[in-house]
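# got a sequence here, can you build the structure:
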Amino acid sequence: MFDKLLERDVVSFNTMIRTYMNYGEIDSAIKLFESMPERNLVTWNTVVSGLVKCGNMELANKVFESMPQRNSVSWNAMISGYIKLGDLKSAKDVFDEMPERSVVSWTTMVSGYAMAGDIESARRIFNHMPVKTVVSWNAMVSGCVNSHMFDEALSVFHHMLIDGKCKPDQTTLISALSACTHLNSHDHGKWIESHIRKNKIELSLPLGNALIDMYAKCGDLENAKIIFQKMSKKCIITWTTMISGLAVNGHSREALKLFDSMCLEGIEPDDVIFIAVLSACTHGGLVEEGEIIFHQMVHKFGIEPRIEHYGCMVDILGRAGRIEEAMRFIKTMNLEPNAVIWATLLSACRIRRNKNSLESSLIIEKILEQEPNNHSYLKLITNLRSSVGQRLDEVDFRLANRNQGTDKVPGCSSIQVGESVHEFVAKDTSHPQRGEVYRALRSLNKHMMIT
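Numbering: from 1, shown residues only. Presented below is the predicted three-dimensional model:
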């Protein structure tokens, strides 16, 4: 059509260049660009943006440097391109050269640093922003959450509320709820729910799912169920979140009933929800139910089992003491059993004090083949030997030697006091009230020794 045009104006040229770029035909786009009798700013921006989209930043920069004039679209395209490639230094250089920075430019830089996990630099840019939009706040809150800085995420969220110039939207609230979930901060999460109700914010699918997840993981099943019932629309994630919440809180049979209700409503289950349902069987010791559900998943719904499904079934059988049956089940797997599968079975052997040394030795051999330096697995193996009264032998000394120099990741716990959530790590010396904390611990230890 373009070739048949008797008169080609700049708009038609721009349209063709954009089309070529969208299909990744860079050479054709550049050839057409170079043949143009006249170009406007849109032309230049179309080429730069197209090259950025294709990831060709070297050529994009050459075109950018050749531009007779630039606007915010030109500058922001270059910043976004470098950020997508993870080249934050070049993005910052372009940002610093900008004659005038728009809120989009500032937000893009905040988002770039946050996505890269450099929250300190993101916060520095964020604090210097002359004007912030809800998108700017969201970039900062979600960036903290993605970097596992959950306290910082809630702090930014609270400052947003205090600032009052931007109202939190669905994205803000979902990120804040995610932080509450990871911190197990029920009070903060409940306050966010009251904020949603007070401001008559729509309970969308993602927001409702986030609330259910927060309440369930904080152990508040009553409020999780209330939100679940309130939701006029439910997707597979909604059902999965509620079933999983019931399972981890020990309501296994209720989780299975909810799954049956979902199927009766005509909602097609996926592979993820079957992990949640099989986990419910694991937590509740429901062996027969687990076998039926696994069979349904494969034969009724035609879902190919993943390693997680197999792991659940091995766990169900192992916890019930059916070690030999679990071994036979593993042999039927259409996937190569990984170390997690074997370690799950070995844990069951330890709990049941299985004294079949040949069986245990086979499992240990499989674990050592796949993950010979995993500290947790090595500890599990030595604990099993000890629990069944096996004496130390050459293998145990070899395991002990492998253990040397292996740093175990310290456990972390958190507690909410008033408006603050305090995190503690084993042998922590960073907490500002560490003196009082350790004095209290010593006092508790003395009381425990007396009693």
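
# list the buried residues in stretch 307-319.
Buried residues in stretch 307-319, counted by 16 or more other Cβ atoms under 10 Å: His309, Tyr310, Gly311, Cys312, Met313, Val314, Asp315, Ile316, Leu317, Gly318, Arg319. Every residue, glycine included, has its C-beta placed from N, CA and C.

# what about Ile303, how many residues nearby?
18 (other Cβ atoms under 10 Å).

# pLDDT value on Asp3, please?
For Asp3, the model assigns a pLDDT of 51.

# scratch that, Val42
Val42 carries a pLDDT value of 92.

# cool, Ser387 as well?
56.

# what do you get for Arg442?
On the pLDDT scale, Arg442 gets 77.

# same check on Glu38?
Reading off the model, Glu38 has pLDDT 86.

# dump the residue contacts of it.
Val10 (Cβ atoms under 8 Å, 6 or more residues apart in numbering).

# name the SS class of it, please.
coil (DSSP: H, G, I helix; E, B strand; the rest coil).

# could you check how far it is from Ala60?
Distance check for Glu38 against Ala60: by Cβ to Cβ, to the nearest Å, it reads 22 Å.

# do Tyr113 as well
21 Å.

# and if you look at Asn209?
39 Å.

# in terms of neighbours, single out the busier of Tyr113 and Ala60.
Taking neighbours as other Cβ under 10 Å, Tyr113 and Ala60 compare with Tyr113 leading, 25 against 22.

# could you pull out the strands for this protein?
Secondary structure of the chain by DSSP state E: the strands cover 412-417, 420-425.

# mind listing which of the buried residues of stretch 307-319 are in helices?
Within these, residues falling in helices by DSSP state H are His309, Tyr310, Gly311, Cys312, Met313, Val314, Asp315, Ile316, Leu317, Gly318, Arg319.

# now the residues you listed as JSON lines including pLDDT and distance to Gly24?
Formatted as JSON lines, the entries for these read as follows, by pLDDT from 0 to 100; distance: Cβ to Cβ, whole Å:
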{"residue": "His309", "pLDDT": "97", "distance to Gly24": "39"}
{"residue": "Tyr310", "pLDDT": "96", "distance to Gly24": "40"}
{"residue": "Gly311", "pLDDT": "95", "distance to Gly24": "41"}
{"residue": "Cys312", "pLDDT": "96", "distance to Gly24": "43"}
{"residue": "Met313", "pLDDT": "96", "distance to Gly24": "45"}
{"residue": "Val314", "pLDDT": "95", "distance to Gly24": "46"}
{"residue": "Asp315", "pLDDT": "94", "distance to Gly24": "47"}
{"residue": "Ile316", "pLDDT": "95", "distance to Gly24": "49"}
{"residue": "Leu317", "pLDDT": "94", "distance to Gly24": "51"}
{"residue": "Gly318", "pLDDT": "92", "distance to Gly24": "51"}
{"residue": "Arg319", "pLDDT": "91", "distance to Gly24": "53"}
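
# any low-confidence regions in the chain?
1-8, 351-359, 385-431, 446-451 (pLDDT under 70).

# ok, the residue nearest the centre of it - contacts?
Nearest to the geometric centre of the chain sits Asn146, at 7.4 Å (Cα atoms, centre = their mean). Asn146 makes contacts with Ala114, Met115, Gly117, as judged by Cβ under 8 Å, 6+ apart.

# cutoff 7 Å now
Going by Cβ atoms under 7 Å, 6 or more residues apart in numbering, Asn146 touches no other residue.

# same question, Tyr82
Met57, Ser90, Ala91, Val94.

# of these, which belong to helices?
Short answer: the contacts of Tyr82 in helices (DSSP H) are Met57, Ser90, Ala91, Val94.

# leaving out sequence neighbours, find the closest residue to the third one.
If you skip the residues right next to it in sequence, Ala91 has Tyr82 as its closest partner in space, 3.8 Å away by Cβ to Cβ, 6 or more residues apart in numbering.

# the second one too?
Sequence neighbours aside, Tyr82 is the residue nearest to Ser90 in space, at 4.3 Å (criterion: Cβ to Cβ, 6+ apart).

# and what of the first one?
Distance criterion Cβ to Cβ, 6+ apart; nearest residue to Met57, sequence neighbours excluded, is Gly81 at 5.2 Å.

# gap between that neighbour and Lys31?
22 Å.

# quick one: which of the two has more around it?
Gly81 (25 against 12).

# please name the residues that touch Gly318.
By Cβ under 7 Å, 6+ apart, the neighbours of Gly318 are Ala326, Thr344, Leu345, Ala348.

# for Ile364, see how far away the nearest residue to it once chain neighbours are set aside is.
The shortest distance from Gly318 to any non-neighbouring residue, by Cβ to Cβ, 6+ apart, is to Ala348 (2.7 Å). Applying Cβ to Cβ, the value for Ala348 to Ile364 is 14 Å.

# before we move on, the earlier item: name the nearest of the contacts of Tyr82 relative to Gly245.
The nearest member of those to Gly245, counting by Cβ to Cβ, is Ala91 at 40.6 Å.

# from what I see, the closest one and Leu85 are in contact.
No. Between Ala91 and Leu85 there is no contact under Cβ atoms under 7 Å: 8.8 Å.

# neighbour count: those two, which is higher?
When Ala91 and Leu85 are compared on other Cβ under 10 Å, the one with more neighbours turns out to be Ala91, at 22 against 13.

# roughly how far apart are the more buried one and Lys167?
For Ala91 relative to Lys167 (Cβ to Cβ), the value is 29 Å.

# what does Ala210 give?
18 Å.

# and the two? which has more neighbours close in?
Neighbour totals were compared for Ala210 and Lys167, and Ala210 leads with 24 against 12 (other Cβ under 10 Å).

# nearest residue to that one other than its sequence neighbours?
Per Cβ to Cβ, 6+ apart, closest to Ala210 is Leu177, 4.2 Å.

# how many neighbours does that neighbour have?
27.

# now swap in Asp87 and tell me
Neighbour tally, Asp87, other Cβ under 10 Å: 14.

# excluding its backbone neighbours, what's nearest it?
Nearest non-adjacent residue to Asp87 (Cβ to Cβ, 6+ apart): Met57, at 7.4 Å.

# isn't that neighbour up against Lys84?
No. The criterion here is Cβ under 7 Å, and Met57 misses it with Lys84 at 8.8 Å.

# those two: which is more packed in?
Using other Cβ under 10 Å as the criterion, Met57 and Lys84 rank with Met57 on top: 18 against 15.

# which ones are touching that one?
Gly81, Tyr82, Leu85.

# can you redo these as JSON lines with distance to Gly245?
Output for those, formatted as JSON lines (distance: Cβ to Cβ, whole Å):
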{"residue": "Gly81", "distance to Gly245": "42"}
{"residue": "Tyr82", "distance to Gly245": "42"}
{"residue": "Leu85", "distance to Gly245": "40"}
